[in-house]
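Peer 1: Below: sequence and its predicted model.
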Amino acid sequence: MIRIIGVILTLNEGKNIKACINSLSFCDRILVLDSGSSDETCKLARSYNAEVIVNKQNHVFNIAKQRNYALDHISKVEENDCWILFLDGDERCTNEFKQNIISSIENENFNSYRCTPKYIFNNHWIKSYQEYPAWHDRLLLLGSNDFDGGVWEHFKNYQNTGYIQTPYIHLAMSKGLDEWLKKHIRYADWDANQTYLTIKGIK
């Protein structure tokens, strides 16, 4: 039997958490890994029967490390034959996306998969954003791979990686324009710092 664990990374996702959890209802287990929310994200997630753990990083947030933290936590109680599907709080699985995942796992021999979001901005699908399909590393067999990078994370290796062609939903404006801008400023700061380190020969 295929066993899938859904993992949701959150920070102040009280507005989104119910819909995100509901979209993962096909999963055998749902884990919310929170980064230190000040709203009711964790309380709400527990009320929707998700397991909640908190890992608040004390430095510039590194999403690769956060995803690896989730993998390490799960590996303590799960066997390596289960699959891990990562979503963020503002993302949703569709039924078509779910079916594509299950069919791929059942009929292919990959141990990790790249997925692509359908980027919804102000209620419109911005298909040109990141040159759709923009591949994000989100599905893997536990123990087969882990993550590297910073705010732009990726699998450490692609030796046995396939593609889920059906997109999941990314609701970019789910928390409003101000939060969208803050997130992209954080991304820009990260990229600028990485460029600086490279120029200085530190990286």
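Peer 2: The structure has been received and is ready for your questions. Numbering: from 1, shown residues only.

Peer 1: the helices in the chain, which residues?
Peer 2: Here the chain has its helices, by DSSP state H, at 17-23, 41-47, 63-75, 95-107, 177-200.

Peer 1: Where does pLDDT dip in this protein?
Peer 2: By pLDDT under 70, the low-scoring segments of the chain are 128-130, 173-198, 200-203.

Peer 1: in the sheet, who's paired with the closest residue to His170 other than its chain neighbours?
Peer 2: Leaving out its chain neighbours, the residue that sits closest to His170 by C-beta to C-beta, 6 or more residues apart in numbering is Pro117, at 3.8 Å. Heads up, the C-betas are built off the backbone N, CA and C, glycines and all. Beta-bridge partners of Pro117, counted by DSSP bridges, are Tyr168.

Peer 1: now the end-to-end length of stretch 8-16.
Peer 2: With C-alpha to C-alpha, to the nearest Å as the measure, the first residue of stretch 8-16 is 11 Å from its last.

Peer 1: hmm, I was thinking of stretch 122-137
Peer 2: In stretch 122-137, first residue to last residue: 25 Å (C-alpha to C-alpha).

Peer 1: quick one, what contacts the residue nearest to His170?
Peer 2: By C-beta atoms under 8 Å, 6 or more residues apart in numbering, Pro117 lies in contact with Glu91, Ala134, His136, Pro167, Tyr168, Ile169, His170.

Peer 1: One more: Ile164?
Peer 2: Ile164 neighbours (C-beta under 8 Å, 6+ apart): Phe97, Asn100, Ile101, Ser104, Tyr113, Arg114, Cys115, Thr116, Leu139.

Peer 1: Look up the closest residue to it, ignoring the ones flanking it.
Peer 2: Cys115 (4.6 Å).

Peer 1: Over to Ile102?
Peer 2: What sits nearest to Ile102 in space, not counting adjacent residues and going by C-beta to C-beta, 6+ apart, is Ile2, at 6.5 Å.

Peer 1: Buried by neighbour count: which residues of stretch 16-33 qualify?
Peer 2: The neighbour-count check on stretch 16-33 (16 or more other C-beta atoms under 10 Å) flags 16-17, 19-21, 23-24, 27, 29-33 as buried.

Peer 1: Max pairwise distance over those residues: which two?
Peer 2: Every pair in the buried residues of stretch 16-33 was compared (C-beta to C-beta); the two farthest apart turn out to be Asn16 and Arg29, at 19.6 Å.

Peer 1: thought the residue nearest to Ile102 was touching Asn107?
Peer 2: No. Applying C-beta atoms under 8 Å as the test, Ile2 and Asn107 come out as separate, 11.3 Å apart.

Peer 1: out of those two, which sits in the busier spot?
Peer 2: Relative neighbour count places Ile2 above the other of Ile2 and Asn107, with 11 against 7, counting by other C-beta atoms under 10 Å.

Peer 1: contacting residues around that one?
Peer 2: So Ile2 contacts Trp83, Ile102, Ile105, Glu106 (C-beta under 8 Å, 6+ apart).
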